[in-house]
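# Build me a structure from this.
(chains A, B and C)
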Amino acid sequence: MTVLPLPEFDLRLTLLSGQVFHWQEDGAGWRGVIGRTAVRVEQMAGELMVTPGAEKIVSRYFALDHPLDQIYATFPDDEFSRGALAACRGLRVIRQPRWECLATFITSAMKQVSHIRAMSLALRARFGDPIEGSDVAAYPEPERLARVTEAKLRTCGLGFRAPNLRATAIAVAKGSVDLEAIAGMETDRAREELCKLPGVGRKIANCVLLFAYERLDAVPVDVWIARVVRAMRGDGRLPDLEDYSREHFGAYAGYVQQYLFHHARISKTLPARSK
DNA sequence: ACCCAGGGGCAAG
DNA sequence: CTTGCCCATGGG
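Numbering: from 1, shown residues only, chains lettered A, B, ... in the order given. Purely as a prediction, here's the structure:
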């Protein structure tokens, strides 16, 4: 293991915040796969122990270059955002490989974080390429998933998401949607492109834009964020929740959203059923 | 036995 | 343009 000096960072918080779903706890550290590279990371005080040779990949993946101080300075000044920031300091919005992020969030629809994780690990184990030095396989490429039957995908617990994952894998494999080309597009057009894929609507497209395309102002609105924004607004009439979030959360709205999401989920103080 | 989960898509109003 | 309903599965 080599040592990486660290800016403000909380590895555990970052890995448990519902952006990525395959990392496994290993003693005081974590084992995972970044693309096709097996990695072990362990956080000490002010530094990160990293598998030798993976330093660059790791610092890019965990976005250690994001200027957290500047980002925090843009957070809105209300009790919810302040509370989320106090609870989640050091959480970073990471940079994930595009396809595995897209595919994973297609399987995330109406699923709890723990189960998204189970599906992701099952898909990797059954269809992914084994990675030397890792007991977690690479996420299966679109070309591979395109050749898997819907019935086999269902054995990984995908349920009604199975045909969507399969159809999206086929579309990406044959190039009708080009995931690399999307990186060069302005955000609204990039979102439009992603939404052409079966099983991808606004929420999942925004997850992919935020976690795989460095669009730190993209705001995925799920049931938790909906609750938080409603609580922020009181009983007044509701605007479009995504518009409201982008306008009030600032230039790094996606970061604010991620902190609010994770804080709400771990503290569970919000009413589940309020409309 | 319920209720809920990082939704999407399509029909109907 | 909005709302209602179904899609399948596991956990609390």
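# For the stretch 51-200 of chain A, which segments are assigned as helices?
A:55-61, A:68-73, A:79-88, A:98-106, A:113-127, A:142-146, A:150-154, A:162-173, A:179-182, A:187-195 (DSSP state H, counting those that start in this stretch).
# right, and these - which one's nearest A:Ala226?
Among the helices of the stretch 51-200 of chain A, helix A:79-88 comes nearest to A:Ala226, with 13.1 Å by C-beta to C-beta. The way it works is simple: take the backbone N, C-alpha and C, and place the C-beta from them, glycine included.
# Is stretch A:257-272 in proximity to DNA strand C?
No: judged by C-beta under 7 Å from any atom of the strand, stretch A:257-272 stays clear of DNA strand C, getting no closer than 9.7 Å.
# Can you give me the buried ones in that stretch?
By 16 or more other C-beta atoms under 10 Å, the buried positions in stretch A:257-272 come out as A:257-265, A:270.
# Using a markdown table, please lay out the helices of the stretch 51-200 of chain A together with distance to A:Glu242.
Formatted as a markdown table, these follow (distance: least, C-beta to C-beta, whole Å):
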| stretch | distance to A:Glu242 |
| --- | --- |
| helix A:55-61 | 27 |
| helix A:68-73 | 20 |
| helix A:79-88 | 17 |
| helix A:98-106 | 16 |
| helix A:113-127 | 21 |
| helix A:142-146 | 28 |
| helix A:150-154 | 30 |
| helix A:162-173 | 22 |
| helix A:179-182 | 19 |
| helix A:187-195 | 11 |
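# ranking the ones you listed by burial, who's on top?
Mean neighbours per residue, mean count of other C-beta atoms under 10 Å, is largest over the helices of the stretch 51-200 of chain A for helix A:98-106, with a mean of 24.
# relative to helix A:113-127, how tilted is that one?
When axes from the mean of the first three to the mean of the last three C-alpha atoms, to 10 degrees is applied, the directions of helix A:98-106 and helix A:113-127 differ by 130 degrees.
# ok so, going back, and the least confident of the buried residues of stretch A:257-272?
Among the buried residues of stretch A:257-272, A:Leu270 carries the weakest pLDDT, at 71.
# how much space between the nearest residue to A:Gly157 once chain neighbours are set aside and A:Asp77?
Among residues not flanking A:Gly157 along the chain, A:Met119 sits closest, at 5.2 Å (C-beta to C-beta, 6 or more residues apart in numbering). For A:Met119, the distance to A:Asp77 (C-beta to C-beta, to the nearest Å) stands at 38 Å.
# Also A:Gln96?
Per C-beta to C-beta, A:Gln96 is found 30 Å from A:Asp77.
# got the residues of chain A near DNA strand B?
So chain A meets DNA strand B at A:17-19, A:105, A:108-116, A:160, A:164, A:195, A:198-205, A:207, A:220-225, A:257-258, A:261-262, A:265, A:272-273 (C-beta under 7 Å from any atom of the strand).
# where are the low-confidence patches of chain A?
By pLDDT under 70, the low-scoring segments of chain A are A:235-236, A:269, A:271-275.
# Past whichever strand in it runs longest, which element shows up next along the chain?
In chain A, with assignment by DSSP state E, the single longest strand is strand A:37-44. Beyond strand A:37-44 on the C-terminal side, the first helix or strand identified by DSSP states H and E is strand A:47-50.
# roughly how far out does that next one sit from the chain middle?
Distance of strand A:47-50 from its chain centroid, counting by C-alpha atoms, centre = their mean, to the nearest Å, is 22 Å.
# Tell me who's in contact with A:Val221.
Shown in contact with A:Val221 (C-beta atoms under 8 Å, 6 or more residues apart in numbering): A:202-203, A:206, A:229, A:241-242, A:245.
# and these, which of them are in helices?
Counting by DSSP state H, those place A:202-203, A:206, A:229, A:241-242, A:245 in helices.
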